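J.: Dropping the sequence and predicted coords here.
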Amino acid sequence: MKPRLALFVACLGLQAAALDSTPSINERFAETLSAVNPHAPTHARAIWLDARHVRWAVPAGTARVRLLGSAEAGRQTAAGATALGAQISLTLEPAAPPTLPDAARFSHVSGATWAVADPDAPQLPDLWRGQLLIVAEDAAGYVLAATGTQLAGALDAVYGPAATTLDFGARPTKQATSFLLWAPTAQNVSLCLYDQSTGPAHDSKSMERDAASGAWRLALPEDLRGKFYTYLVEVFVPGVGLVRNHVTDPYSLSLCANSQRSAIIDLNDAATQPADWAADRPPATVQASTDLVVYELHVRDFSRDDPSVPPAWRGKYPAFTLEDSHGMRHLKQLAAAGVTDLHMLPTYDLASVPERNAIGPELPASAPDSPAVQAAMEPVREKDAFNWGYDPWHYNAPEGSYATNPDDPAVRAREFRSMVQSLHRAGLRVGLDVVYNHTMADGQSRQSVLDRIVPGYYHRRDANGKVEPSTCNSNTATENALMAKLVVDSAVIWARDYHVDSFRFDLMGHLPRALLERVQARVDAVTGRHLHLLGEGWNYAEVQNGARFIQASQLSLQHSGIATFSDRMRDAARGGRPGDSGTALYAQGWLTGLHYAPNAANAGKNTAAELAAAADLVRVGLAGSVRDFPLQGADGRTRLLQDFAYGDQPAGYVAEPGEVVNYVENHDNQTLFDNNILRLPADTPRSERARVQVLGNALVLLSQGLAYLHAGQEILRSKSLDRNSFNSGDVFNRVDWTATTNFFGTGLPPAGDNESSWAQMRPLLARSAEIAPTPADIRFTRDATLDLLRIRRSSTLFRLRTAADVKARLTLLNTGPAAQPSVMVGHLQGRGYPGAGFAEVLYAINADVVARQIPLPTEAGKSWRLHPVLAATADESIRTAHFDPAAGTLLVPARTAVVFVLPE
């Protein structure tokens, strides 16, 4: 068969199987051309440091080290035998380690350094494009050890300088369409073209390899907008052999339904834009990072259960364009009060939800503590339309399940942009939750794109060459040049082409700080405005403590202006830790009754000292976790916040208040309402539970730094105690914007992440009739939270710009050994501060079940009055709060947050 005809047949043969909506066998979307020899090692314990040097620990008795290569997969390297089947052989010699700016990147592999004897060996690029082993032989030529190699260091050194300057993907114009794919180890790459999202390929074209960059390119003299394409990549896959992979483009800007084919699309076309898109601008509500009040929301959750939204738009992008739906009225109310940014859970093309033909469960009527609902969901959990979406498939394309027509590439883009535009008009900036730390899959999985194009490059490897899984998926190697480029390019697309205003980076501590700083510089440059970056700076697993690079983690981002979520105040307030199960769910915190209101499990157990320690960690949060802010601790010593301990870490860790995100609830773990159900005394009245919820929101909104709220936090959102609702279906993730119900008592949450705690959950769910809030309780919480938002917006004193401002203008009162630890008190000095609005501010948060009178001798003689927002409150408790200027005492009612002011 002629080569061109064989290629076209390959496009036809592989595409038919790949279009199966539920493929489960690798051969459906790949063809093995030459299987690997069963005696070849599958591990990769040697690592390339650059284009010439390899690190490998060889066994004793080694007399010679060689690189052996074959374009196919026929090598045999059994120990005790001679190596067979090599088409290329290069001798290595001992060498000094090269000087590398990023040497820690390779530290997971130990051993001696070996260098290719001939630095100009022309065979090296050919070695990297086939089966490659490094072998240690004894003096007689018998193999002592053999292993594969981790190639990223060599590929970056040789191809990175040129490849990082290129614009990958499909680029159509009126005259031509160009395609560019980075696949330096591929032996051949071809393009398959399709007229439609379904049906056979109509053409196939061989692509040309650029030796300098390792990229494959093709230019066709026609405008192919509206067509679809895939690549056929012939590449050696370790452990498999020489494979022809049928794969989509990692730089896809859009796709057909279920991500079967990449779409050729121009985001400048009118069909991809709503009317007046060019005039779209974000609201000017954020002048500094500390102005951010972020509201985290899932696209499907927003409108799926909203009867005021047309059925075809429920759970879709267009629901945000309805000005008068229940959901949009609620979001406008939040924006008017002070929420600045709406952060969307993942909206890139994700792998965990079918974009058409999703199946929903038939839910039975059952008791609130019954397992029946979750059992009915189980058979369709992987086939329904709900998932949080932390399963990246294509980083640069909008998710199709949120579009009204996932098969139309232009519709995805246009409807996403319409959502952004409508939110901007409603007074909300838009942020995206981005997940560059992992992909859904690696290897030969159909949902693996990157690894089927450049096997072994895009994912972080351990000492044996296996993909690191510490993110619960396939960890990406963002320290590698082309993976880092993909991150930067992707962020630019969302910022420039979709007018996104901020980014939340999932597991940001798994990314290098230098990469986040590159992202910041690029998105600011292309948009002409400052975009705000924040993320999860957790420090753990294979990158912990800078093992491979300086991380974008909590303790490594000082003076970067990039913010991390703080777990200090969160844990101290809520009680326990994320992931608690069983009886650990009863552990109490400052907010949930630690010592002052013990639940049945903790009666007589928690001490006043434990409450005082938790109170100090809450104060750390109120002070923005600024590391050099002074605080008198419960032991009487005045120390900097960095000298207070949070486990084995400093409690205060940021250089500036704009580098911390304060929160007590987000999509992970139990909602605050559910957390409090488990940890408060079981007989706590529902109206009191509402008050405790408001106090949690007050901690967030009165703290220095960025404020972060989860959707429904202000309306007592419940997931019926579900610890991890990422795949719990629609029923456990509902939100009611009419403030009528919070859905507590839906049933026992799904067994997977909760069954070990069902014994603790069941009795509480059984009492849902007395625990679930009334509409009045929900409205009370909403209105009180709106007041707190208005208070925060009313004065820059709650949003101090710099650490110097925090230290100069915030004083935490009621501290030290004589403090009443269930009450937080803060004083803010506003004289001369831009935007302060008041000469002074005094706030107090009393978590106790009784009123507390706090001596404040420094405030004696001052005529404190309630903040104007609170002067009109319907909360009778707040109206009984009182400051006695003669005695210098502040009376704070039970479970109440109050703010007093002195006019300018």
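T.: Cool, the structure landed.
J.: So what's the predicted local confidence for Pro750?
T.: For Pro750, the pLDDT comes out at 98.
J.: In this structure it contacts Met377, no?
T.: Yes. Between Pro750 and Met377 there is a contact under Cβ atoms under 8 Å: 6.7 Å. (Glycine included, C-beta is placed from N, CA and C.)
J.: Mind listing the shared neighbours of those two?
T.: Common neighbours of Pro750 and Met377 (criterion: Cβ atoms under 8 Å, 6 or more residues apart in numbering): Ser728.
J.: Am I right that Pro191 sits in a strand?
T.: One thing to correct before we go on: residue 191 is Leu, not Pro. Yes. According to DSSP: H, G, I helix; E, B strand; the rest coil, Leu191 belongs to a strand.
J.: Quick check: the residue nearest to it when sequence neighbours are not counted vs Leu166, distance?
T.: Taking Cβ to Cβ, 6 or more residues apart in numbering, and ignoring the residues beside it in sequence, Leu191 has Lys205 as its nearest neighbour in space, at 4.6 Å. Between Lys205 and Leu166 the distance is 19 Å, computed by Cβ to Cβ, to the nearest Å.
J.: which ones are touching the residue nearest to Leu191?
T.: Lys205 neighbours (Cβ under 8 Å, 6+ apart): Ser190, Leu191, Leu193, Leu218, Leu220.
J.: what's the distance between Leu428 and Gly400?
T.: Taken as Cβ to Cβ, the span from Leu428 to Gly400 is 24 Å.
J.: same thing with Tyr251?
T.: For Tyr251, the distance to Gly400 - Cβ to Cβ - is 17 Å.
J.: Model confidence at Cys11, what's the number?
T.: 71.
J.: got the contact list for it?
T.: Contacts of Cys11 (Cβ under 8 Å, 6+ apart): Ser190, Cys192, Ala201, Ser204, Thr230, Leu232, His246.
J.: For those residues, work out which two are farthest apart.
T.: The span of the contacts of Cys11, defined through Cβ to Cβ, is set by Ser204 and His246 at 11.4 Å.
J.: who has more neighbours, these two?
T.: His246 (24 against 20; other Cβ atoms under 10 Å).
J.: Surely that one is in contact with Thr230?
T.: Yes. Applying Cβ under 8 Å as the test, His246 and Thr230 come out as touching, 5.9 Å apart.
J.: Can you check my assumption that Leu342 lies in a strand?
T.: Yes. Membership of Leu342 in a strand is supported by three-state DSSP.
J.: Once you drop chain neighbours, what's closest to it?
T.: That would be Leu428: by Cβ to Cβ, 6+ apart, it lies 4.7 Å from Leu342.
J.: Please list all residues in contact with the one you found.
T.: Taking Cβ under 8 Å, 6+ apart, one finds Pro283, Tyr295, Leu331, Leu334, Ala335, Val339, Thr340, Asp341, Leu342 in contact with Leu428.
J.: Distance to Tyr159, pLDDT and neighbour count for these - can I get that in CSV?
T.: CSV is the format used below for the contacts of Leu428 (distance: Cβ to Cβ, whole Å; pLDDT from 0 to 100; neighbours: other Cβ atoms under 10 Å):
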residue, distance to Tyr159, pLDDT, neighbour count
Pro283, 43, 98, 16
Tyr295, 43, 98, 23
Leu331, 46, 98, 24
Leu334, 48, 98, 24
Ala335, 47, 98, 22
Val339, 45, 98, 26
Thr340, 42, 98, 26
Asp341, 38, 98, 28
Leu342, 40, 98, 26
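J.: Identify the farthest-apart pair in these.
T.: So, these by Cβ to Cβ: farthest apart are Pro283 and Tyr295, at 13.8 Å.
J.: packing partners for the helix or strand containing Ala614?
T.: Here Ala614 sits within helix 608-622, counting by DSSP states H and E. Applying 3 or more Cβ pairs under 8 Å, 6 or more residues apart in numbering; DSSP states H and E, one finds that helix 608-622 contacts helix 568-574, strand 630-632, helix 686-702, strand 810-813, strand 823-829.
J.: So for Gln175, which of those sits nearest?
T.: Of the helices and strands packed on helix 608-622, nearest to Gln175 by Cβ to Cβ is helix 686-702, at 54.2 Å.
J.: Could you check the angle that closest one makes with helix 608-622?
T.: With axes from the mean of the first three to the mean of the last three Cα atoms, to 10 degrees applied, the angle from helix 686-702 to helix 608-622 works out at 50 degrees.
J.: Quick check: buried residues in helix 686-702?
T.: 688-702 (16 or more other Cβ atoms under 10 Å).
J.: List the backbone torsions phi and psi for Gln444.
T.: When quoted as degrees, to the nearest 10, the phi and psi of Gln444 stand at phi -100, psi 10.
J.: what number of residues lie near it?
T.: 19.
J.: Identify the residues contacting it.
T.: So Gln444 contacts Asn26, Ala30, Val237, Val240, Val243, Asn245, Asp451, Arg452 (Cβ under 8 Å, 6+ apart).
J.: quick check, nearest of those to Pro98?
T.: Of the contacts of Gln444, the one sitting nearest to Pro98 (Cβ to Cβ) turns out to be Asp451, at 27.1 Å.
J.: ok, the closest residue to that closest one other than its chain neighbours to Arg55 distance?
T.: Once flanking residues are discounted, Asp451 sits nearest to Asp442: 4.4 Å by Cβ to Cβ, 6+ apart. Taking Cβ to Cβ as the measure, Asp442 falls 23 Å from Arg55.
J.: How about residues contacting stretch 642-657?
T.: Stretch 642-657 is contacted by residues 289-290, 554-555, 557-559, 561, 564, 566-568, 616-617, 620, 623-629, 631, 633, 640-641, 660, 704-705, 800-803, 805-806 when judged by Cβ under 8 Å, 6+ apart.
J.: Now do the contacts for Asn480.
T.: Contacts of Asn480 by Cβ under 8 Å, 6+ apart are Ala152, Asp156, Tyr457, Tyr458.
J.: didn't the second one look like it was pressed against Leu482?
T.: Yes. Under the criterion of Cβ under 8 Å, Asp156 is in contact with Leu482, at a separation of 7.5 Å.
J.: Which one's more surrounded, the two?
T.: Leu482 (28 against 25).
J.: Need the contact partners of the helix or strand the more buried one falls within.
T.: According to DSSP H and E, Leu482 maps onto helix 481-492. By Cβ under 8 Å, 6+ apart, the residues outside helix 481-492 that reach it are 155-156, 160, 163-164, 168, 182, 250-251, 395-396, 434, 436, 450, 454, 457-458, 476-478, 503, 511-512, 515, 518-519, 522-523, 526.
J.: and Ala612, what does it touch?
T.: Ala634, Ala819, Pro821.
J.: Give me the neighbour count for the last one.
T.: It refers to Pro821. Neighbours of Pro821 (other Cβ under 10 Å): 26.
J.: my read is it is in a strand, agree?
T.: No. If the criterion is three-state DSSP, then Pro821 is coil and not within a strand.
J.: measure the nearest residue to it once chain neighbours are set aside to Leu127 for me?
T.: Residue nearest to Pro821 in three dimensions, not counting chain neighbours: Ala615, with 4.0 Å by Cβ to Cβ, 6+ apart. Per Cβ to Cβ, Ala615 is found 62 Å from Leu127.
J.: Which among the contacts of helix 481-492 count as buried?
T.: 155-156, 160, 163-164, 168, 182, 250-251, 395-396, 434, 436, 450, 454, 457-458, 476-478, 503, 511-512, 515, 518-519, 522-523.
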